[in-house]
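Trainee: attaching a predicted model along with its sequence, questions to come.
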Amino acid sequence: MSIELGTTTVHRGRWTMEDRVERRLRELPVEVPAGTAALTVRLSFEGGVIDLGCGGPGGFRGWSGGARDEYTISARWSTPGYLPGELEPGEWHVWLGLHRIPPDGTPYEVTATTLGAAPAEPTLPAPPPAPELPPARDLPAPPGMRWLAGDLHSHTLHSDGTLTVPELACLAASRGLDFLAVTDHNTVSHHIELPAASAHAGVILIPGQEVTTDLGHANVFGDTGWVDFRRPAADWAAHAAAHGGVISINHPLSGDCAWRQPMPEADRPRFAEIWHSSWWDRRWGAPLSWASLWRPDVVPIGGSDYHDPSQHKLLGEPTTWVLAEDGDVLGGIAAGRTSISPGRDAPVLLRVEDELIAIDADGTTLVRPDGRRDVVRGDRASWKALDPGMHHLESHENEVIALCG
C-alpha cells in the first residue's frame with residue numbers, strides 16, 4: 001500500500017473503564033512514508049484524563065503525559081518531551097495512557113498528519129542572565145571532599161513543568177544549590193540541553209527521568225538512556241544498574257502517587273525519596289516507618305518535585321546534601337553519603353567518617369536507628385558514628401529537623 005505525504009490518519013472511539021482495566025497503555029498505528037519531514041499528532045477527548053506519547057520503528061520517541069494534547073516530531077526539532085531525529089519509514093504508534101476514565105467512558109479522537117516539510121521551529125525565550133552565586137556553606141568534610149547542596153527532583157516544560165531548562169538551572173544557582181537533578185516524566189528529551197545550561201548557570205545538572213505510572217514513581221539518575229515505564233518496576237532498577245545509574249523510589253506516601261508497585265525484596269533499591277514536598281507536617285512519622293519496612297539499609301534522599309513558580313513548592317526545599325569528591329554527585333549518592341535538611345541554611349546532621357555531627361541544631365534530639373536518643377547542645381555537637389542506618393534530628397514536638405544516611 002502506498003502512503004503519500006500530507007496524509008492524515010484519524011482514530012476515534014470511546015475508551016471505557018473496562019478498556020483501562022484490560023490495558024492502560026494503548027498504541028494506535030500511524031503509517032509514516034519515506035521522505036516524511038515531520039509528524040504532527042493531535043488528541044482531543046471529553047472527560048477523564050488521557051496521557052499522550054509516541055513510539056517509532058526504532059523505539060521511544062517521546063512522552064508528554066497529560067501536559068499536552070499535541071506534538072510535532074521532525075529531524076531538527078520536536079515538541080518538548082519528544083526526541084528530534086529522522087523519521088524512519090514504517091509503522092509508528094501514538095501512545096495513549098488511559099489515566100482516568102469515568103464510568104460513562106471517554107470519547108476521543110486522534111489525528112496524525114505526515115508532512116513533507118517541517119513546520120517552523122518555535123522560538124524559546126533567551127536564557128536569563130547567569131545569577132550571582134551565594135557563598136557556599138562551610139560544612140565539615142574529609143580532605144578532598146565537600147558537602148554539595150542540591151535538589152533531586154524537578155521538572156521543566158519537557159513534561160509538566162513551566163520553566164525551560166536554562167530558566168530552571170539559573171533558579172537553582174540563585175538559590176545556592178550546587179546541583180540539581182532534572183527528572184521529567186517518562187522522557188529524556190531534556191538531557192541534550194543540560195550541559196549548556198549547566199555551564200551558563202554555574203550549577204551541576206544531573207540527567208534524570210521520573211519513571212511515572214499509576215502505581216508509583218521512581219527517579220533514575222544518570223545518563224542511562226530512556227527507561228521503559230511500561231516494564232515492571234524491577235526492570236527499571238535493572239536498567240539503572242546496567243547503565244551506571246541510580247534509582248530511587250519517589251514520594252512513597254503521597255496521595256495517588258504513593259508507591260504501590262509490586263517489587264520483590266531482592267530488587268528493591270536502597271535509595272528512597274523519604275523527604276518530599278508533600279511531607280508538609282514532619283511530625284507525621286509514616287515516611288520513617290515506611291523506610292524501616294522497605295529495607296534496613298535505606299539511603300534517604302530528598303526532592304522538592306518543583307514544577308512551577310506559582311506552586312507552593314520551592315526549589316531546594318528540602319535540600320539534599322551529598323558528600324562528593326571532585327563534584328561527583330552520583331558517586332556520592334551511590335556510596336550512601338547523603339543528608340537532608342529543610343533548606344540550604346537549615347540545621348543539618350552529617351556523617352563524616354566515624355563521626356555524626358549536628359550543625360546549628362541546638363535544642364533538638366538525635367534519634368538513632370534503634371531508638372536511642374541524645375540531646376543536642378550547642379551549634380556543633382558530635383558523637384561516634386557506631387550504628388549503620390538512618391539517623392535523624394527532631395524537635396521537642398517530634399518534628400523531623402534533619403535526616404542522615
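Mentor: Alright, I've got the coordinates.
Trainee: make it CA atoms for all contacts and neighbour counts henceforth
Mentor: Will do.
Trainee: buried residues of stretch 53-61, list them for me.
Mentor: Residues of stretch 53-61 classed as buried: 53-56, 60-61 (neighbour count, 16 or more other CA atoms under 10 Å).
Trainee: which residues in the stretch 151-300 of the chain form strands?
Mentor: For the stretch 151-300 of the chain, the strands defined by DSSP state E, counting those that start in this stretch cover 179-185, 204-213, 216-221, 246-249, 271-276, 299-303.
Trainee: let me have the buried residues of stretch 53-61 in a markdown table, adding secondary structure and pLDDT as columns.
Mentor: Compiled in a markdown table, the buried residues of stretch 53-61 are given as follows (DSSP: H, G, I helix; E, B strand; the rest coil; pLDDT from 0 to 100):
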| residue | secondary structure | pLDDT |
| --- | --- | --- |
| Gly53 | strand | 98 |
| Cys54 | strand | 98 |
| Gly55 | strand | 98 |
| Gly56 | strand | 98 |
| Phe60 | strand | 98 |
| Arg61 | strand | 98 |
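Trainee: name the nearest of these relative to Thr224.
Mentor: Nearest to Thr224 out of the buried residues of stretch 53-61 is Phe60 (CA to CA; 14.0 Å).
Trainee: how about the strands of the stretch 151-300 of the chain in a markdown table, adding mean pLDDT?
Mentor: Converted to a markdown table, the strands of the stretch 151-300 of the chain look like this (pLDDT from 0 to 100):
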| stretch | mean pLDDT |
| --- | --- |
| strand 179-185 | 98 |
| strand 204-213 | 98 |
| strand 216-221 | 98 |
| strand 246-249 | 98 |
| strand 271-276 | 97 |
| strand 299-303 | 97 |
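Trainee: among the ones you listed, which comes closest to Asp256?
Mentor: Using CA to CA, the nearest of those to Asp256 is strand 216-221, at 8.2 Å.
Trainee: helices or strands next to the closest one in the packing?
Mentor: Contacts defined by 3 or more CA pairs under 8 Å, 6 or more residues apart in numbering; DSSP states H and E place strand 216-221 against strand 179-185, strand 204-213, strand 246-249.
Trainee: partner strands of the longest one, with direction?
Mentor: Going back to what we said before, that points to strand 204-213. Strand 204-213 has the following strand partners under DSSP bridges: strand 179-185 (parallel), strand 216-221 (antiparallel).
Trainee: which strand residues bridge the residue nearest the centre of the chain?
Mentor: Nearest residue to the geometric centre of the chain (CA atoms, centre = their mean): Thr183, 3.2 Å. The partner list for Thr183 in beta bridges (DSSP bridges) reads Gly208.
Trainee: buried stuff in stretch 91-103?
Mentor: So, applying 16+ other CA under 10 Å, buried residues of stretch 91-103: 92-101.
Trainee: same check, this time on stretch 288-301
Mentor: In stretch 288-301, counting by 16+ other CA under 10 Å, buried: 288, 291, 294-295, 297-301.
Trainee: just curious, which of those residues is nearest to Glu317?
Mentor: Ile301 (11.9 Å).
Trainee: quick check: the closest one touching Ser339?
Mentor: Yes. Ile301 sits in contact with Ser339 when judged by CA atoms under 8 Å, with a separation of 7.2 Å.
Trainee: what do these two both touch?
Mentor: Shared contacts of Ile301 and Ser339, defined by CA atoms under 8 Å, 6 or more residues apart in numbering, are found at Thr320.
Trainee: Leu215 and Thr187, how far apart?
Mentor: The spacing between Leu215 and Thr187, counted by CA to CA, to the nearest Å, is 18 Å.
Trainee: more crowded one of these two?
Mentor: Thr187 (31 against 13; other CA atoms under 10 Å).
Trainee: could I get the pLDDT score of the more buried one?
Mentor: According to the prediction, Thr187 has pLDDT 98.
Trainee: gap between it and Trp383?
Mentor: According to CA to CA, Thr187 and Trp383 sit 44 Å apart.
Trainee: Provide the backbone phi and psi angles at Thr79.
Mentor: phi -60, psi 140 (degrees, to the nearest 10).
Trainee: wait, what's in contact with it?
Mentor: So Thr79 contacts 71-73 (CA under 8 Å, 6+ apart).
Trainee: per-residue pLDDT of Thr7, please?
Mentor: Each residue has a pLDDT score; the one for Thr7 is 87.
Trainee: make that Lys384, sorry
Mentor: pLDDT at Lys384 comes out at 93.
Trainee: I figured it hits Asp354, correct?
Mentor: Yes. Using CA under 8 Å, Lys384 is in contact with Asp354, at 5.9 Å.
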